[in-house]
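>>> Mind folding the following:
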Amino acid sequence: MTLPDTQILSVYWSAEALSVNTILVLHLVGSMLLGMMVGYERSYQGRAAGMRTYALVCMASTAAVALSGYPEVWFGGHPVAKAIADPTRTIQGIVTGIGFLGAGVIIKEGHSISGLSTAASIWASAVIGILVGVGFYVAAIALALLCAFSMSIIVHLEKKLPQKKKFLFELQFHSGMEPNENDLRALAKTNGFIMGKDGITITLRKGRQSWSYIASSLPRQTVNMTQLALALESFEGLASFNISPTRN
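The predicted model follows:
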């Protein structure tokens, strides 16, 4: 087996290739920042898809679209590339197929969803492979580093920024007890929560009412779960309760 000619390899690092890669890197950084901005709004609202997920998807989408604008630099601009059938069809098939793989790691358990960032990272990894395949090595390395940054550093930034945390409240009252919604809202607000205007599910079984609703923590206010549990324990007519965090 003969090794590739160094001249053939050098075209992947030519001035033209590096110039295109630099443009792609700037696109990636910009899309990451914009994706983080959109994702923070979702994170602030207590949604499962936050800054990391949006940054990953935005960067991968940018890379997949931007690389199609420079076909003359694909494969280092080597003449051999001209004989290949339309590579965009291959790219389309990869992106679509990986989407199904990513969907397999998304898990919905009760009122919470997990695995969105993992699914987005799998899709981003496919685009990294596409960049390497067409010879955009610098852009591929940059996307890999930005993805790692998104999954490891942004998560800490996300935790420090103000955001609403959502909890599922499941309350069961004594037989014959008719709870007052305003009293529950006042109790929630006193302990740093706010109940939604709708979404309350009431179930009656053997004369006992069960209430289920999602409440959000107030921004910039620390939630004391112990204090909340004691307040619910002393709530008149409440037989049992369950509070669990939720992200959807």
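
>>> could you say what helices and strands the longest helix seen in the chain packs with?
Determined from DSSP state H, the single longest helix within the chain is helix 15-44. Contact analysis of helix 15-44 by 3 or more Cβ pairs under 8 Å, 6 or more residues apart in numbering; DSSP states H and E lists helix 51-66, helix 137-152, helix 154-160 as its packing neighbours. Quick note: C-beta positions are derived from backbone N, CA and C, even for glycine.

>>> what angle sits between the helix or strand hosting S125 and helix 51-66?
Assigning secondary structure by DSSP states H and E places S125 in helix 116-134. Relative orientation of helix 116-134 versus helix 51-66 (axes from the mean of the first three to the mean of the last three Cα atoms, to 10 degrees): 20 degrees.

>>> Pull out the buried positions in helix 116-134.
116-128, 130-131, 133-134 (16 or more other Cβ atoms under 10 Å).

>>> ok, Y40 - contacts?
Taking Cβ atoms under 8 Å, 6 or more residues apart in numbering, we find Y40 in contact with 50-51, 158, 161.

>>> circling back: identify the residues contacting the helix holding S125?
24, 48-50, 52-53, 56-57, 59-60, 63-64, 67, 74-75, 87, 91, 94-95, 98-99, 101-103, 105-106, 137, 139-140, 143-144, 147, 151.

>>> quick one: low-confidence ranges for this protein?
Applying pLDDT under 70 to the chain picks out residues 1-9, 11, 77-87, 109-112, 219-222, 248.

>>> measure the residue minimising distance to the centre of it to F136 for me?
By Cα atoms, centre = their mean, the mean C-alpha position of the chain lies nearest to T53, the distance being 2.5 Å. Distance of T53 to F136, given as Cβ to Cβ, to the nearest Å: 24 Å.

>>> cool, and Q227?
55 Å.

>>> Those two: which is more packed in?
Neighbour tally, Q227 and F136, criterion other Cβ atoms under 10 Å: the higher count belongs to F136, 28 against 12.
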